[in-house]
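Peer 1: Kindly return the folded structure for what I paste below:
(one chain, ligands or ions: 1)
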Amino acid sequence: MQTFAEELEALRAEGLYRSMRVIRGAQGSRVELDGKQVLMLCSNNYLGLADHAALRSAAVMGVAFGVGSGASRLVSGTMELHERLETRLALFKGTEKALLFNSGYAANTGIISALMGRGDAIFSDRLNHASIVDGALLSRAGFYRYPHRDMAALERLLQQKGGAGRRLIVTDGVFSMDGDIAPLKEMAQLARSYDALLMVDDAHGTGVLGATGRGTGELLGVMDGIDIHMGTLGKGLGSFGAYAAASETICDYLVNKAHSFIFSTSLPPAVLAASIAAVDLVDSKKGEELRGRLRENVALFKERLAAAGFDTMGSETQIVPIFVGPADATMEFSRQLLEEGVFVQGIRPPTVPAGSCRLRCTIMATHTPSDLEAAAETIARVGKKLGVI
Ligand SMILES: Cc1ncc(COP(=O)(O)O)c(C=O)c1O
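Peer 2: So this is what the prediction gives:
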């Protein structure tokens with residue numbers, strides 16, 4: 001049997017060892033890392049709300065309700081702020097109800113393992129987030145994965161798999177490592193035709209996509225075709241936590257069955273207050289402006305990368321991967337960029353399939369055009385030196 005230390009050594013040898021970097025100060029478009037100012041090009045803080053004055057002051061006001069929430073809501077009670085945030089989220093998503101979870105990971109594992117069980121069937125895109133996969137495995141339902149965005153393959157699986165049990169089609173709205181978008185219109189039609197529920201994890205679309213920031217479903221005009229809208233509060237919304245927005249029955253069912261809801265201390269007041277401010281901001285003229293700026297930034301950055309000859313893997317959003325291939329070369333690319341003042345992570349297995357390692361660039365509304373032009377130039381210079389382009 002290998003020891004833990006030996007396994008870690010093996011990860012190092014394969015170029016798959018992971019470690020954390022310490023940054024100073026708040027999350028912003030520039031941060032201090034190892035004593036040096038660098039451009040942040042790897043945060044999911046797409047609208048720059050993580051350090052927004054409105055969220056900061058809401059969090060401070062939230063502390064008027066104390067610091068901790070005491071216990072699970074089924075034990076020590078729902079606080080006023082939980083209720084207010086859920087009402088706000090249901091209004092935002094246009095559903096009967098919303099239910100908070102402590103993170104996107106807790107939401108996906110909780111929702112999927114609660115709604116589905118032995119004898120049921122889950123149909124999942126091959127590139128769905130790890131928390132969806134873990135939720136499906138936890139549920140013990142049949143788990144059928146179709147090739148990325150392949151609707152013909154999904155339909156074949158729906159015809160062949162699953163018996164009398166429940167069926168769930170689940171997908172990322174925006175794929176977190178590729179930045180492309182699920183064909184939700186076709187998926188909603190398939191869900192109706194084959195009597196399946198459709199769940200969309202819109203961790204990266206919420207607040208960012210659609211005319212009013214309601215996410216991928218709004219962008220594709222299919223909000224009503226989605227049965228369970230899962231979204232996170234820690235990415236575009238700049239705060240922390242997650243939710244399921246759905247019918248009253250589904251939310252009530254989750255309160256009674258979702259282990260990550262039942263057996264975990266609920267979100268604390270400061271976070272709840274900041275999240276309410278975030279939804280209000282996203283759902284306002286200011287939110288529209290931020291989304292407009294983000295779209296312009298994304299277009300500029302992609303145009304510069306394409307001109308330099310990079311493969312951005314069909315990205316349709318603010319998540320812009322740069323294809324490299326091998327793990328070692330990807331990490332070297334990332335290391336050299338950091339030396340040049342650009343902070344962008346290399347993404348390796350198991351997060352992405354072997355041989356498809358990439359830099360995952362994420363664009364923010366608070367980047368300036370000159371930040372992005374300079375970053376694209378640096379990426380091109382280092383990419384050329386390393387033979388990526
Ligand atoms: C698609 C997707 N779903 C769920 C999650 C988990 O969300 P959280 O970071 O709130 O746990 C993430 C983030 O890593 C994600 O990218």
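
Peer 1: distance of whichever residue of the stretch 251-389 of the chain sits closest to the ligand from Ala244?
Peer 2: The stretch 251-389 of the chain approaches the ligand most closely through Ile319 (9.2 Å), counting by C-beta to the nearest ligand atom. Quick note: C-beta positions are derived from backbone N, CA and C, even for glycine. Distance, Ile319 to Ala244, by C-beta to C-beta, to the nearest Å: 23 Å.

Peer 1: out of these two, which sits in the busier spot?
Peer 2: The residue with more neighbours, out of Ile319 and Ala244 and counting by other C-beta atoms under 10 Å, is Ala244; that gives 28 against 24.

Peer 1: Now do the same contact list for the more buried one.
Peer 2: Contacts for Ala244 (C-beta atoms under 8 Å, 6 or more residues apart in numbering) come out as Ala98, Leu99, Phe101, Ala107, Ile111, Ile228, His229, Met230, Ile250, Cys251, Leu254.

Peer 1: what does the chain have sitting close to the ligand?
Peer 2: Counting by C-beta under 6 Å from any ligand atom, the chain comes close to the ligand at 103-105, 108, 129, 131, 172, 176, 201, 203-204, 232, 234, 242.

Peer 1: sorry, back to before: and the residue of the stretch 251-389 of the chain closest to the ligand, what's its pLDDT?
Peer 2: Reported pLDDT at Ile319 in the predicted model: 98.

Peer 1: Could I get the CA-only coordinates of stretch 134-150 as PDB?
Peer 2: Output of stretch 134-150 as PDB, limited to C-alpha atoms (Å, rounded to 0.1, in the frame of the first residue of the first chain):
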ATOM      1  CA  ASP A 134     -20.800  13.400  -6.600                       C
ATOM      2  CA  GLY A 135     -24.600  14.100  -6.100                       C
ATOM      3  CA  ALA A 136     -25.500  11.400  -8.600                       C
ATOM      4  CA  LEU A 137     -23.200   8.800  -7.100                       C
ATOM      5  CA  LEU A 138     -24.500   9.600  -3.600                       C
ATOM      6  CA  SER A 139     -28.100   9.100  -4.900                       C
ATOM      7  CA  ARG A 140     -27.500   5.500  -6.000                       C
ATOM      8  CA  ALA A 141     -29.700   6.100  -9.100                       C
ATOM      9  CA  GLY A 142     -28.600   4.900 -12.500                       C
ATOM     10  CA  PHE A 143     -26.100   7.400 -13.800                       C
ATOM     11  CA  TYR A 144     -25.900   7.900 -17.600                       C
ATOM     12  CA  ARG A 145     -23.400  10.300 -19.100                       C
ATOM     13  CA  TYR A 146     -23.700  11.600 -22.600                       C
ATOM     14  CA  PRO A 147     -21.000  13.200 -24.700                       C
ATOM     15  CA  HIS A 148     -20.700  16.900 -24.200                       C
ATOM     16  CA  ARG A 149     -23.800  18.800 -25.500                       C
ATOM     17  CA  ASP A 150     -24.700  15.800 -27.700                       C
END
